[in-house]
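A.B. asks: Structure of the sequence below:
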Amino acid sequence: MPNSITSIGGYAFSGSNITSIDLSEYTNLTTIGSYAFYHCYKLKDITVPKALTSIEPYAFYCCTSMKE
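C.D. replies: Alright, predicted model coming up:
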């Protein structure tokens, strides 16, 4: 992904097998869209940038491996 992104759209990573993701280098990222990580059952942790201001509804819906 280019460093200039400002949002992750809905369903962007839906159903993927990622286990962790570090978004901290995307300093312009302010929004994670609805269902962006929907059904990412293996996703355990995510690091977000300080600029993040909005996590839309159900962005992490059915991410059953996440604890927090």
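A.B. asks: the strands in this structure, which residues?
C.D. replies: Read by DSSP state E, the chain holds these strands, from start to end of the chain: 7-8, 20-22, 31-32, 45-47, 54-55.
A.B. asks: In terms of secondary structure, what does the last one contact?
C.D. replies: Applying 3 or more Cβ pairs under 8 Å, 6 or more residues apart in numbering; DSSP states H and E, we find strand 54-55 packed against strand 31-32. All C-beta spots, glycine's among them, are computed from the backbone N, C-alpha and C.
A.B. asks: What mean pLDDT does the strand it packs on get?
C.D. replies: The average pLDDT for strand 31-32 rounds to 98.
A.B. asks: And for stretch 48-60?
C.D. replies: 97.
A.B. asks: any residues touching it, and which ones?
C.D. replies: 10, 23-38, 40, 43, 46, 66 (Cβ atoms under 8 Å, 6 or more residues apart in numbering).
A.B. asks: Select only the buried ones of these in PyMOL?
C.D. replies: Paste this into PyMOL to select the buried members of the contacts of stretch 48-60, with burial taken from 16 or more other Cβ atoms under 10 Å:
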select buried, resi 10+23+26+29+31+32+33+35+36+37+38+40+43+46
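A.B. asks: Residue 56: how many residues sit nearby?
C.D. replies: Each residue near residue 56 was counted by other Cβ atoms under 10 Å, and the total is 15.
A.B. asks: The chain should start at 601 in everything you say after this.
C.D. replies: Okay, residue one is now 601; in that scheme the one you just asked about reads as residue 656.
A.B. asks: Tell me the spacing between it and residue 609.
C.D. replies: Between residue 656 and residue 609 the distance is 10 Å, computed by Cβ to Cβ, to the nearest Å.
A.B. asks: Same check on residue 652?
C.D. replies: Where residue 609 is concerned, residue 652 sits at a distance of 15 Å (Cβ to Cβ).
A.B. asks: what's the answer for residue 641, then?
C.D. replies: Looking at residue 641 against residue 609, where the rule is Cβ to Cβ, the gap reads 20 Å.
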